[in-house]
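Asker: Predicted model and sequence below, questions to follow.
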Amino acid sequence: MIMVQVILEFLLLLIMVIALFVGVSLGRSLKALRRDRSGLEEMVAQFRHYSAEAQTGINQLQKSSDGVGRALAKTVEAGQALKQDLLALCERSEALAGQMEGVVFQRKPPEPMAVSSLRGRSSASRVAAPAAAEATGGLGKSAAERELLRALRQKQG
């Protein structure tokens, strides 16, 4: 019986040593798990922070894109209005050109000016005459032409 008792005690000792090593190993594993858990919690907190920053950035981008969209829509509207104005002016100018063509073909060709009469004019009068004519409405320009020029100047300015 003593022999059986010694064998049982030896087995019990062996089981206790194994349990001790398993306990130490489990303790280390728990420490690592706790460290990993705190690291995981840190990572989750950082993820929340970064996602909040990303959401803020998305909101700012959305606001700026809305503003750009509105500005672009206004520009397109202005372009459409300008297009309509230009089309109307083109139609009017084509009609005016047709009228002028008819008038030109109905009249006699003007007499050519003598070269001597051109030489007699000073360079100042040659420059001043077109400027004065333009200020008074132009040489032989119809009211429609003057109106067209005025409208174009207003659109440019």
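Answerer: Thanks, I have the structure now. Note that the structure is predicted; figures quoted are calculated from it, not measured.

Asker: okay, CA-based contacts and neighbour counts for the rest of this
Answerer: Fine.

Asker: how much space between the most centrally placed residue in the chain and Gln62?
Answerer: The chain has Val68 as the residue nearest its centroid, 6.0 Å off, counting by Cα atoms, centre = their mean. Val68 sits 10 Å away from Gln62, going by Cα to Cα, to the nearest Å.

Asker: again, but for Arg35
Answerer: 40 Å.

Asker: again with Glu101
Answerer: Distance from Glu101 to Gln62, by Cα to Cα: 57 Å.

Asker: max-length helix in the protein?
Answerer: If you go by DSSP state H, the chain has its longest helix at helix 2-106.

Asker: Below-threshold pLDDT in this structure: ranges please.
Answerer: 107-141, 157 (pLDDT under 70).

Asker: Report the separation between Glu53 and Asp85.
Answerer: For Glu53, the distance to Asp85 - Cα to Cα - is 48 Å.

Asker: Please tell me how far the spatially most distant residue from the centre of the chain sits from Leu82.
Answerer: Most distant from the centre of the chain: Met1, at 96.2 Å, with distances by Cα atoms, centre = their mean. Remark: distance between Met1 and Leu82 (Cα to Cα) = 116 Å.

Asker: before we move on, what about Gln5?
Answerer: 111 Å.

Asker: who has more neighbours, these two?
Answerer: Neighbour tally, Gln5 and Leu82, criterion other Cα atoms under 10 Å: the higher count belongs to Leu82, 13 against 10.
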